[in-house]
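**Q** predicted model and sequence below, questions to follow.
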Amino acid sequence: MLETTKDILYLVISFCVLWVTVFLCWTFYYVMRILRNANQIVEEFRVRLQALTEAINYIRGKVEHISGLLTLASGGVGSLIKKVVAKKAGDWVSGGTDRFNSAAKDAVRQAVAATAKKMKKVAAKVKR
């Protein structure tokens, strides 16, 4: 079977090729496992990112809803206070009409308007 040194060389080369082939197959197998694990990690990250996005959108919706309610409530409270202050000031001015002249009545109306304006600003700050 082994008649010359060339035959021994071919036998050694064939074993080397066999071992290189086994090594490459083993290497490809582990590379594929690493890639599969990386793909699973990416998929899990996508799922968690989607869940996080949904949670953030849910919280954003709730905050916007509460903000709308606060705007409505602050606007309602501001207009209610404006009406009450205007009524009380009007009653007070009407009760003391003989002591006040028209300039005083105008000053009271301006003060009521300024108070209502400040209440709107406060309501806007509460909204934020």
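**A** Cool, got the structure.
**Q** does Glu3 count as helix, strand or coil?
**A** Here Glu3 is recorded as coil under DSSP: H, G, I helix; E, B strand; the rest coil.
**Q** make 32 the starting number, not 1.
**A** Shifting the count to begin at 32 puts that one at Glu34.
**Q** and the gap between Lys152 and Thr146?
**A** Going from Lys152 to Thr146 by Cβ to Cβ, to the nearest Å gives 11 Å. For the C-beta atoms, the positions are set from N, CA and C on the backbone; glycine is no exception.
**Q** Ile97 now?
**A** 27 Å.
**Q** tell me which element the spatially most central residue of the chain is part of?
**A** Centroid check for the chain by Cα atoms, centre = their mean gives Ile87 as the closest residue, at 4.8 Å. Following DSSP states H and E, one finds Ile87 within helix 36-126.
**Q** about what we covered before: what's the distance between the residue nearest to the centre of the chain and Glu74?
**A** 20 Å.
**Q** could you do Leu55 as well?
**A** From Leu55 to Glu74 the distance is 28 Å (Cβ to Cβ).
**Q** show me where pLDDT drops low in this protein?
**A** Counting by pLDDT under 70, the chain has low-confidence residues at 32, 100, 103-109, 120-136, 139, 153-159.
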